[in-house]
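**Student:** sequence plus the predicted model coming up.
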Amino acid sequence: MTLYSKESIVAPCKAMSRTGRFVHSFLITGAQGTGKKVAARYLAMSLLCSAKSSDNEPCGVCRECSRILRGQHPDFIEVKKSGVSFSVNDIREKVVADCYTPPNDCDRKVYLLADCDGWTDAAQDALLKVTEDPPDYGYFIFTARIREVFLPTLISRSMTMEVHEADTRECEAALREHGNALSLNSSKKKEFTEENISRAAKIFGGNIGCAIECIEGSGKLAKTADTAIEAARAIAQRNEYALAAALSSASGNRDEMRTVLEMLSRVIRDSAVARAFSGKSGRGADNGFIGCAREESLQIAEFAGSARLNEMYEAIREASYLCTRNCNGAAVASMLTGKLL
Ligand SMILES: [Zn+2]
């Protein structure tokens, strides 16, 4: 199985497979589109695969692995939300009550609770007993964009794995593979031209899920990328009015706002790389860039020092966190504009 840029998942899975001893609770964190669910399925396959390689990797093709990949394994339970986030009842009925029933086919049973961003403390509290003292066969995987959405009690009894983005070359390879895998008569296949692949890999800086969606999606994500680029340009030109306009155009939709902020945080991260690279403007450092606005990152690095870049990065992360906590988008946009310029 190829898992692009997921050494942070593959290495601990192999180590646990080697000893046969897995922790019972996992937190997988990472930005949108970095492959948290792909990583969660890989982890589930590591737990349930019946034909692991000599290198302790799940095979991806045995009965267990293929049922996991099709979403049809009776012992790999992808817990569904009844609303926008997991409720106390979801947790009680679909996880706590169910997990004391032994597995159907395997000797382990794995629960996946994906996209926990925005769930309440009460929902997490309902999980504490089973995660503290799980049945021997019970394993739990939680995914969220950032680790801060989990209560310290859950963090302390779990293994956290952060999913990172692929580099641009890996992203291009994955996009080609994805394009080839689409059946011949799929109209989407035609969209995977070298030109589109290279553009998407450049904009999304190796975020494979976003790059795929950008190519085959409705154009919504490409529009979000344009907003992030506009915001980066406004920061580079120190134009407060333009920054406020760009951020507030996304602020009506929390998901869109978070994606814009994630892209913007990568732009600032690139400025910091540029800064560290040369100590001054960092021209020539942009090979290691992961953001959507290279030129703007370089311009920002010319006037902002590393302490200031760090403040900007933290302000963007904080705004992104506030968006997961149901704060008012317009207020977050205006607060962030004030902190960035
Ligand atoms: Zn297998």
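**Tutor:** It's in.
**Student:** paired strands for the top strand by length along the chain, with orientation please.
**Tutor:** For the chain, the longest strand by residue count, based on DSSP state E, is strand 138-144. Strand pairing for strand 138-144, using DSSP bridges, gives strand 25-29 (parallel), strand 109-113 (parallel).
**Student:** got JSON lines for the ones you listed, with distance to the ion and mean neighbour count too?
**Tutor:** C-beta here means a position set from N, CA and C on the backbone, and glycine is covered the same way. Formatted as JSON lines, these follow (distance: least, Cβ to the ion, whole Å; neighbours: other Cβ atoms under 10 Å):
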{"stretch": "strand 25-29", "distance to the ion": "19", "mean neighbour count": "24"}
{"stretch": "strand 109-113", "distance to the ion": "14", "mean neighbour count": "24"}
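**Student:** quick one, what contacts the closest residue to S87 other than its chain neighbours?
**Tutor:** The spatial neighbour of S87 that comes closest, neighbours along the chain excluded (Cβ to Cβ, 6 or more residues apart in numbering), is A123 at 6.1 Å. A123 makes contact with S85, F86, S87, V88, D90, I91, according to Cβ atoms under 8 Å, 6 or more residues apart in numbering.
**Student:** want to try JSON lines for those residues, with neighbour count as columns?
**Tutor:** Listed next are the contacts of A123 as JSON lines, based on neighbours: other Cβ atoms under 10 Å:
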{"residue": "S85", "neighbour count": "17"}
{"residue": "F86", "neighbour count": "26"}
{"residue": "S87", "neighbour count": "18"}
{"residue": "V88", "neighbour count": "15"}
{"residue": "D90", "neighbour count": "20"}
{"residue": "I91", "neighbour count": "22"}
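**Student:** closest to E311 out of those residues?
**Tutor:** Closest approach to E311 among the contacts of A123 (Cβ to Cβ): S85, at 30.4 Å.
**Student:** ok, the closest one touching T120?
**Tutor:** Yes. Using Cβ atoms under 8 Å, S85 makes contact with T120 at a distance of 7.3 Å.
**Student:** just to revisit the earlier point, mean confidence for the longest strand of the chain?
**Tutor:** In this model, strand 138-144 carries a mean pLDDT of 97.
**Student:** returning to what we had before: okay, who's weakest in the contacts of A123 by pLDDT?
**Tutor:** In terms of pLDDT, the weakest of the contacts of A123 is S85, which scores 88.
**Student:** which SS class is that one?
**Tutor:** Here S85 is recorded as coil under DSSP: H, G, I helix; E, B strand; the rest coil.
**Student:** contacting residues around it?
**Tutor:** Here S85 is in contact with D115, C116, D117, G118, W119, T120, A123 (criterion: Cβ under 8 Å, 6+ apart).
**Student:** the last one: helix or strand, and which one exactly?
**Tutor:** The secondary structure element spanning A123 is helix 121-125 (assigned by DSSP states H and E).
**Student:** right, and the helix or strand after that helix?
**Tutor:** Next helix or strand after helix 121-125 toward the C-terminus (DSSP H and E): helix 128-132.
**Student:** and that next one, what's buried?
**Tutor:** Neighbour counts over helix 128-132 (16 or more other Cβ atoms under 10 Å) mark V130, T131 as buried.
**Student:** run through who's touching it.
**Tutor:** With Cβ under 8 Å, 6+ apart, helix 128-132 has contacts from H24, S25, V95, V96, C99, G138, F140, T153, L154, R157, S158.
**Student:** which of these fall in helices?
**Tutor:** Using DSSP state H, the subset of those located in helices is T153, L154.
**Student:** quick one: which of the contacts of helix 128-132 is most hemmed in?
**Tutor:** F140 (25 neighbours; other Cβ atoms under 10 Å).
**Student:** where in the chain is pLDDT low?
**Tutor:** 1-5, 277-288 (pLDDT under 70).
**Student:** tell me the residues of it that contact the ion?
**Tutor:** Residues of the chain lying close to the ion (Cβ under 5 Å from the ion) are C49, A51, P58, C59, C62, C65.
**Student:** could you measure from the second one over to P58?
**Tutor:** Okay, so that is A51. A51 sits 8 Å away from P58, taking Cβ to Cβ, to the nearest Å as the criterion.
**Student:** you'd agree A244 is up against A333?
**Tutor:** Yes. A244 is within contact range of A333, at 7.0 Å (criterion: Cβ under 8 Å).
**Student:** out of the two, which sits in the busier spot?
**Tutor:** A333 (26 against 20).
**Student:** and the more buried one, what does it touch?
**Tutor:** Taking Cβ under 8 Å, 6+ apart as the test, what A333 contacts is A244, L247, S248, A250, S251, M257, A319.
**Student:** the first one: which element?
**Tutor:** Counting by DSSP H and E, the element that carries A244 is helix 240-250.
**Student:** thank you, goodbye.
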